[in-house]
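Peer 1: this one's sequence-less:
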């Protein structure tokens, strides 16, 4: 076989190997991005459950005909939903030995837990009092707790979104 023909055959083999390698790398990257998106979705589902429990509490809290038992039940529901979600984070573990999103979600959920333990508890305690026992100072305490809840949860959510964005960049995800 002439040297030119051997060279051409060798180059064709190299081109085929290179094309196959590139195809493998692209399909591998696409699969990893898909797995990262599924991982993110699991975390977001837990966050949605927590937010739904907050919404249920808030609705019950402002409902003038809701019983004290209903308000207490919605408070306990918030607590348990958050605790279950934190445990779920531990059970799913980090993505590809990269704990960036898991840790960000854990921090967010623990912030929620702290808000429920402190500020939402103040709201609950005030709500459970008879109207005649509620003083102007308690009303101020309630407003202050609501402001802290809003500000703290917004800050924690912003931090989570930043880490989620970093996670997305690392695994070629675009969040809507």
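Peer 2: Noted; the coordinates are in hand. Note that the structure is a prediction, hence the values are computed from the model and not measured.
Peer 1: what does the pLDDT read for residue 138?
Peer 2: Per-residue confidence (pLDDT) for residue 138: 91.
Peer 1: the one helix or strand it maps to - contacts with which helices or strands?
Peer 2: Element membership of residue 138 [criterion: DSSP states H and E] is helix 136-170. Applying 3 or more C-beta pairs under 8 Å, 6 or more residues apart in numbering; DSSP states H and E, we find helix 136-170 packed against helix 3-62, helix 100-115, helix 121-127. C-beta coordinates here come from the backbone N, C-alpha and C atoms, glycine included.
Peer 1: show me what the shortest one is packed up against.
Peer 2: Helices and strands touching helix 121-127, as assessed by 3+ C-beta pairs under 8 Å, 6+ apart, comprise helix 68-92, helix 136-170.
Peer 1: single out the most deeply packed of those helices.
Peer 2: Mean neighbours per residue, mean count of other C-beta atoms under 10 Å, is largest over those for helix 68-92, with a mean of 16.
Peer 1: that one vs helix 100-115, what angle?
Peer 2: Angle, helix 68-92 to helix 100-115, by axes from the mean of the first three to the mean of the last three C-alpha atoms, to 10 degrees: 160 degrees.
Peer 1: contacts only, for the spatially closest residue to residue 121 that is not a sequence neighbour.
Peer 2: Counting by C-beta to C-beta, 6 or more residues apart in numbering, residue 75 is the residue found nearest to residue 121 once chain neighbours are left out, at 7.7 Å. The contact partners of residue 75, by C-beta atoms under 8 Å, 6 or more residues apart in numbering, come to 57, 116, 120-121, 124.
Peer 1: farthest pair in the residues you listed?
Peer 2: Greatest spatial distance among the contacts of residue 75 (C-beta to C-beta): 57 and 121, at 11.4 Å.
Peer 1: more neighbours: which of those two?
Peer 2: It is residue 57, of residue 57 and residue 121, that has more neighbours when counted by other C-beta atoms under 10 Å, with 23 against 14.
Peer 1: wait, that one touches residue 120, no?
Peer 2: Yes: using C-beta atoms under 8 Å, residue 57 is in contact with residue 120, at 7.0 Å.
Peer 1: what residues are shared contacts of these two?
Peer 2: Residues touching both residue 57 and residue 120 by C-beta under 8 Å, 6+ apart: 75, 78.
Peer 1: and the helix holding residue 138, how far out from the chain's middle?
Peer 2: 13 Å (C-alpha atoms, centre = their mean, to the nearest Å).
Peer 1: so that helix versus helix 100-115, what angle?
Peer 2: Using the same axes, to 10 degrees: helix 136-170 against helix 100-115 is 180 degrees.
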